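>>> Below is the sequence, then the predicted model.
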Amino acid sequence: MNARGLVFGLNCAIASILALFVAFSFELPNPSWAVLTVYITSQPMTQGGVWGKALYRVVGTVVALTAALIIIPNLIDAPELMILALAAWLGLCLYLSLLDRSPRSYAFMLSGYTGILVALPVITADPSTIFDTAIARTEEILCGVGAAALVHGLFSFHSARSALYAKLDQTLGDARTWVVGAITASALPEERLARRRLASDISELVNLAMVLRFEFPELHTRFGVLRSLEDRLVALLPLLSAVESRREALQELGPLNPDMAILARDLGAWVRTTSFSADTFESLMLRSAAIRPHVDDGASSKALLELSYVHRIALLAGAWRDCLELAHAMREPHRPIDARLLPMVEDHTPRKLHVDHGIAFWSALVGALAVGASAAFGFLLEWPPAINAMGLAAVFGSLFATFDDPTPLQERFLVWTLVVAIPLSAVYVFAILAAVNDFLELALCLFPLYALLGYFMSQPKFALQALSVLISSTTLIGLQPSYRPDFVTFATTVVAVIVGTVIALELTRFLRVMSPEFVARRLLRHGWSDLATMAHWPLRQTVGQFAMRMLDRLHLLMPRAARAVASYELSLSDVLRDLQIGFNLSELAAVAAQLPEARRSVRALDIYLAGYFNALAEGGAKSLGKPTANGIEIVTQHLLAMPPSEVRDRGVAAAVGLRENLMSLQRQVSAAEGSA
């Protein structure tokens with residue numbers, strides 16, 4: 001038995017009993033809501049996750065109750081309009097939740113279905129009780145939030161600090177291996193593919209820090225450091241690929257320059273060391289500047305490649321140095337930050353991950369339709385209890401909205417509800433609870449169930465099954481201050497649970513299922529559209545913001561591409577190459593801003609590439625022709641004709657890199673058109 005899961009299950013059971021005790025003590029009408037809140041806000045791994053999710057749940061609940069207090073009294077005489085407004089509220093909240101892509105999204109999602117759950121008791125009963133119902137629901141949720149935070153805080157298996165540092169060490173350890181492999185050309189093919197894990201590593205690290213700030217106060221003052229570390233880790237990937245591609249291109253032309261080979265060896269040895277040495281780094285950078293070839297308008301292709309290689313290997317080493325310094329600053333909150341990194345740390349520009357407004361809108365619409373269809377079912381049959389199906393449809397449609405095809409999960413949820421939750425609830429309602437005389441006996445009866453469900457929720461393989469049993473059984477048992485077993489009420493609730501679940505499942509099956517090919521194609525086209533924007537308005541966004549979105553798309557694309565059927569767009573898929581293109585476009589734009597003589601040729605190239613990537617994004621791209629090759633050649637020659645300088649060499653390195661990237665894309669386009 002997993003020790004961590006066992007501790008988590010026991011904590012959940014203790015917190016649930018504590019929440020019930022408080023709810024019963026204050027005679028709250030639905031203590032079962034406190035139990036649900038305990039499990040929904042609990043996190044299997046860390047204490048800080050509980051505090052963070054607890055805050056989001058409180059915020060989401062307050063917003064939902066405010067919306068319910070506005071909608072219901074004003075539409076109480078028009079129940080159809082009231083339900084339409086509640087469904088629209090769910091859709092709006094679900095849409096915002098799908099666009100947020102951070103732990104805060106939970107507050108948006110919760111606001112949507114909580115508003116409906118609050119409204120259910122008064123839609124078919126006395127509307128004047130809406131305020132009392134809203135206050136009671138808030139109190140029940142606060143009981144669960146407080147109990148979960150207190151118990152997990154006292155008996156958590158791991159502290160937030162250790163969890164964050166463990167994730168940081170894992171990410172930096174992987175990154176160190178990959179940087180050494182790229183610099184020394186020792187990376188195996190499988191190690192190159194494994195670098196794509198950096199996308200998920202960075203995402204997990206930042207999301208973990210966002211929720212752990214509520215336990216780990218230093219993160220409030222050091223969150224800028226973590227964001228800067230995120231940026232520098234993101235910068236590693238295009239530089240890793242660039243260094244390897246330049247080295248491979250050079251080796252095709254002959255042996256690598258001995259001085260460059262020695263520099264790469266020494267840089268690799270420096271990266272391998274776990275202790276940072278500023279003097280060693282500066283010495284290596286001076287050596288890289290000394291061996292950088294001097295080029296002019298008659299330079300050979302090999303000389304240009306050598307210039308680009310040395311420039312990129314120095315940038316890679318510099319990015320790794322920044323990662324080490326920022327990681328040290330994370331561990332030592334009082335450590336002064338290098339003045340060179342301060343502008344990056346103090347930059348509060350919000351990070352924008354990939355969002356798909358079309359998919360988010362459609363998913364939200366299907367969720368709202370499920371609520372409306374459940375309500376219509378009750379009205380058509382003139383069976384008021386069926387209105388309770390709205391609540392299950394709202395929860396069911398919201399919990400699985402992030403999946404491309406949620407129907408397998410929804411079917412499993414329904415099966416476990418029918419096979420386990422309903423019989424288990426019946427045993428508790430009509431047998432076990434009938435013999436209970438006081439709270440102590442109630443606690444002893446419920447503790448094994450709550451502990452077992454908590455244990456299985458901590459196991460990824462069984463988490464969905466445990467969640468389905470928890471939600472359905474807690475709803476059906478319906479703990480209240482006084483015990484009133486009623487078979488008709490129980491059976492009615494069972495039917496409502498099944499109806500709401502089935503309606504949401506079938507609407508999802510017919511309207512919402514998306515194939516891996518469809519989602520992968522949209523991800524790729526969004527990436528190419530971003531490249532077009534990067535080419536057309538290169539200074540509108542930083543390369544870090546662009547790289548973060550592209551890396552996020554890589555994280556989203558990998559599992560879908562593995563399941564998708566081969567297509568034209570997928571055959572052109574190479575997010576790391578696209579990252580390099582964006583990086584080189586940004587470099588050229590920065591150089592053109594400092595060298596007016598190069599602006600016209602760079603701008604002409606940007607306009608052509610913007611049109612090309614727009615064509616890719618619209619699904620109508622053709623092979624790259626002479627205009628692209630000529631455009632890069634013109635930019636390169638303009639730069640080489642200028643007096644030697646650091647800025648000029650930076651531009652030449654970017655132009656050479658862009659040419660290599662586009663040649664790689666051209667080969668893929670030709671192969672895709674040849675196989676079409």
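Cool, the structure landed. Note that this is a predicted model, so its numbers are computed, not measured.

>>> Domain ranges for the protein, per the record?
Here the domain assignment for the chain is 3-158+356-511, 162-345, 516-675, based on automatic domain parsing.

>>> Turn those into TSV, including mean neighbour count and mean pLDDT.
From N, CA and C alone the C-beta is placed, and that goes for glycine too. Below are the domains of the chain laid out as TSV (neighbours: other C-beta atoms under 10 Å; pLDDT from 0 to 100):
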stretch	mean neighbour count	mean pLDDT
domain 3-158+356-511	20	84
domain 162-345	18	82
domain 516-675	19	83
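
>>> As a check, name the ranges of all helices in the stretch 501-650 of the chain.
516-536, 543-563, 568-571, 575-594, 599-617, 626-640, 646-675 (DSSP state H, counting those that start in this stretch).

>>> quick one, what contacts Ile498?
By C-beta atoms under 8 Å, 6 or more residues apart in numbering, the contact list for Ile498 reads Leu414, Thr417, Leu418.

>>> Please give the element, helix or strand, for it.
Using DSSP states H and E, Ile498 maps to helix 487-511.

>>> re earlier: for the contacts of Ile498, which one is nearest Arg222?
Thr417 (44.4 Å; C-beta to C-beta).

>>> Distance check, the residue sitting nearest the centre point of the chain against Lys352.
Nearest residue to the geometric centre of the chain (C-alpha atoms, centre = their mean): Arg101, 5.1 Å. Remark: distance between Arg101 and Lys352 (C-beta to C-beta, to the nearest Å) = 9 Å.

>>> any chance you could map the strands in the protein?
Using DSSP state E, no strands are found in the chain.

>>> packing partners for the longest helix along it?
Ranked by residue count under DSSP state H, the longest helix found in the chain is helix 218-253. Applying 3 or more C-beta pairs under 8 Å, 6 or more residues apart in numbering; DSSP states H and E, we find helix 218-253 packed against helix 160-184, helix 197-212, helix 301-331, helix 342-345, helix 543-563, helix 575-594, helix 646-675.

>>> To Gln251, which of these lies closest?
helix 301-331 (10.1 Å).

>>> and the closest one with helix 218-253, angle?
Inter-element angle recorded for helix 301-331 and helix 218-253: 160 degrees (by axes from the mean of the first three to the mean of the last three C-alpha atoms, to 10 degrees).

>>> Wait, Glu230 touches Met548, no?
Yes - with contact defined as C-beta atoms under 8 Å, Glu230 reaches Met548; the gap is 7.5 Å.

>>> joint contacts of these two?
Shared contacts of Glu230 and Met548, defined by C-beta under 8 Å, 6+ apart, comprise Arg351.

>>> how close does the residue nearest to Leu239 when sequence neighbours are not counted sit to Arg549?
The shortest distance from Leu239 to any non-neighbouring residue, by C-beta to C-beta, 6 or more residues apart in numbering, is to Leu316 (4.2 Å). Counting by C-beta to C-beta, the gap from Leu316 to Arg549 is 21 Å.

>>> got it, and Ala136?
43 Å.

>>> just Ala147 next, same as before
39 Å.

>>> Equivalent analysis for Ala564, please.
Separation of Ala564 from Arg549 (C-beta to C-beta) stands at 21 Å.

>>> cool, Thr492 as well?
Per C-beta to C-beta, Thr492 is found 49 Å from Arg549.

>>> what does Thr501 give?
Counting by C-beta to C-beta, the separation of Thr501 from Arg549 is 36 Å.

>>> In contact with Tyr309, which residues?
Contacts for Tyr309 (C-beta under 8 Å, 6+ apart) come out as Val243, Arg246, Arg247, Leu250, Met260.

>>> run the last query once more with 10 Å
242-247, 249-250, 256-257, 260, 264, 292-293, 653, 656-657 (C-beta atoms under 10 Å, 6 or more residues apart in numbering).

>>> now the helices of the stretch 501-650 of the chain as CSV including distance to Ala466?
Below are the helices of the stretch 501-650 of the chain laid out as CSV (distance: least, C-beta to C-beta, whole Å):
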stretch, distance to Ala466
helix 516-536, 27
helix 543-563, 23
helix 568-571, 36
helix 575-594, 35
helix 599-617, 42
helix 626-640, 55
helix 646-675, 45
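
>>> Please report how far Met550 lies from Val488.
58 Å.
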